[in-house]
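Q: next one to model:
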Amino acid sequence: MALRLNPGLAPMWYTPSDTDADDAAPAEFLLAPLTEVQTMEVMADGTIDAAGNFYPNHGARVKMLTWGLKDWRNVEDANGVPVPYKPGAWQQLPWNLMGELANQIMIRSAMREDERKNSPSQSLSPASPAPSIAAAASGADTATKPTPHPSQNS
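A: I've put the predicted structure just below:
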């Protein structure tokens with residue numbers, strides 16, 4: 001089988017797992033999967049155990065958020081004033097939310113293209129919200145199992 005290069009990585013909206021289901025305007029984050037080179041950079045900043053689970057260190061999480069968090073909506077400051085997204089603004093988020101978002105970026109980066117297309121969190125367009133993915137990620141003890149390359153499944 002021929003090697004197929006990644007045709008493009010579409011950002012998807014993500015609603016944090018602890019969001020109240022009755023919240024009419026939940027915080028949402030536009031997360032983009034990492035490129036192959038970015039994924040390699042992140043994988044260099046963590047460890048992989050014998051079972052193949054990846055444990056990112058702080059540097060890996062910083063890279064994931066820097067490269068993978070593209071926008072947000074319904075994020076407010078302590079006074080209820082909307083905070084516009086700008087690069088690096090993720091550093092103001094609670095630490096556990098940063099861990100959850102980094103975990104989601106890595107999960108989306110490890111998905112093969114056919115899995116992304118069939119993912120329930122894939123938006124119809126980058127501007128439309130996607131359903132929430134409930135992830136049990138604390139950020140401190142999150143492990144992500146890398147998806148093997150199709151040639152490894154033979």
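Q: rest of the way, CA atoms for contacts and neighbours
A: Noted.
Q: biggest helix in this structure by residues?
A: The single longest helix within the chain, with elements called by DSSP state H, is helix 95-110.
Q: what residues of it count as buried?
A: With burial defined by 16 or more other C-alpha atoms under 10 Å, the residues of helix 95-110 counted as buried are 97-110.
Q: which one of the residues you listed is nearest to residue 65?
A: Taking C-alpha to C-alpha as the measure, residue 65 lies nearest residue 102 of the buried residues of helix 95-110, at 5.8 Å.
Q: can I get the longest helix of the chain in CSV, CA atoms only?
A: Coordinates of each C-alpha in helix 95-110 appear next as CSV, following Å, rounded to 0.1, in the frame of the first residue of the first chain:
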residue,chain,number,x,y,z
TRP,A,95,-4.2,24.3,35.3
ASN,A,96,-6.6,21.4,35.1
LEU,A,97,-8.3,22.8,32.0
MET,A,98,-4.9,23.4,30.3
GLY,A,99,-4.2,19.7,30.9
GLU,A,100,-7.5,18.6,29.5
LEU,A,101,-7.1,20.8,26.4
ALA,A,102,-3.5,19.5,25.9
ASN,A,103,-4.8,15.9,26.2
GLN,A,104,-7.6,16.6,23.6
ILE,A,105,-5.1,18.1,21.2
MET,A,106,-2.8,15.0,21.5
ILE,A,107,-5.7,12.6,21.1
ARG,A,108,-6.8,14.4,17.9
SER,A,109,-3.3,14.5,16.6
ALA,A,110,-2.9,10.7,17.1
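Q: which residues does residue 64 contact?
A: For residue 64, the contacting residues are 34, 42, 102, 105-106, taking C-alpha atoms under 8 Å, 6 or more residues apart in numbering as the criterion.
Q: reformat the residues you listed as CSV; add distance to residue 91 and pLDDT.
A: Compiled in CSV, the contacts of residue 64 are given as follows (distance: C-alpha to C-alpha, whole Å; pLDDT from 0 to 100):
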residue, distance to residue 91, pLDDT
34, 19, 93
42, 18, 94
102, 12, 96
105, 16, 94
106, 18, 91
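Q: so where do the strands sit in this protein?
A: Chain-ordered strands for the chain, with DSSP state E as the definition, fall at 12-14, 28-31, 46-48, 54-56, 69-73.
Q: the longest helix of the chain packs against which elements?
A: Helix 95-110 sits against strand 28-31, helix 58-68, with contacts defined as 3 or more C-alpha pairs under 8 Å, 6 or more residues apart in numbering; DSSP states H and E.
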